[in-house]
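Visitor: got a predicted model here, sequence first, then my questions.
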Amino acid sequence: MKKLVRKGECNNCGLCCGDCIHLDKSTYPDKSYCKIYPTRPDVCRRYPNHPRCISQHFECSIKFYDAETSKEITKKPFADWKELDSYVPVEEDC
C-alpha cells in the first residue's frame, strides 16, 4: 500500500462534513463552522483522511500527495478506483 501526505487548511466550505448536526451553515454566508471544533471527536480530527473523501468537492482546499513521488493525487479523475484504493488513509489529525 502507498502512503499519502495531506496538506492544506480547511476553508470551511462544509462539503466534506455534509449534514453533520454540529455544522453551522447559517451564521456566515458561504461558510460552515463546526460548533464543537475544540472538542470534536477523533474521527473528525482526522477527516478528510483519503482523497476519496473529497473527490467530488473541488472547492476543498485540502490536497493529497503521494508520499514517495510528491505528485498531487487529489483532483485527478480516477476512472479506475483501484488505483486510488492503493493508498492508505492518513492517520494524523488535521
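Guide: Now that the structure is in, tell me what you want to look at.

Visitor: list the contacts for the most far-flung residue of the chain relative to its centre?
Guide: Going by Cα atoms, centre = their mean, the residue of the chain most distant from its centre is Thr27, 22.6 Å out. When contacts are counted by Cβ atoms under 8 Å, 6 or more residues apart in numbering, Thr27 touches Tyr33. All C-beta spots, glycine's among them, are computed from the backbone N, C-alpha and C.

Visitor: now do Asn12
Guide: Asn12 makes contacts with 31-33, as judged by Cβ under 8 Å, 6+ apart.

Visitor: can you give me the end-to-end span of stretch 38-58?
Guide: End-to-end distance of stretch 38-58 (Cα to Cα, to the nearest Å): 26 Å.

Visitor: please apply the same query to stretch 50-59.
Guide: End-to-end for stretch 50-59, by Cα to Cα: 16 Å.

Visitor: can you check stretch 51-63 too?
Guide: 8 Å.

Visitor: mean confidence for it?
Guide: What stretch 51-63 shows for mean pLDDT is 82.

Visitor: I'd say Gly8 and Ile62 touch.
Guide: Yes. Between Gly8 and Ile62 a contact is recorded at 4.4 Å, counting by Cβ atoms under 8 Å.
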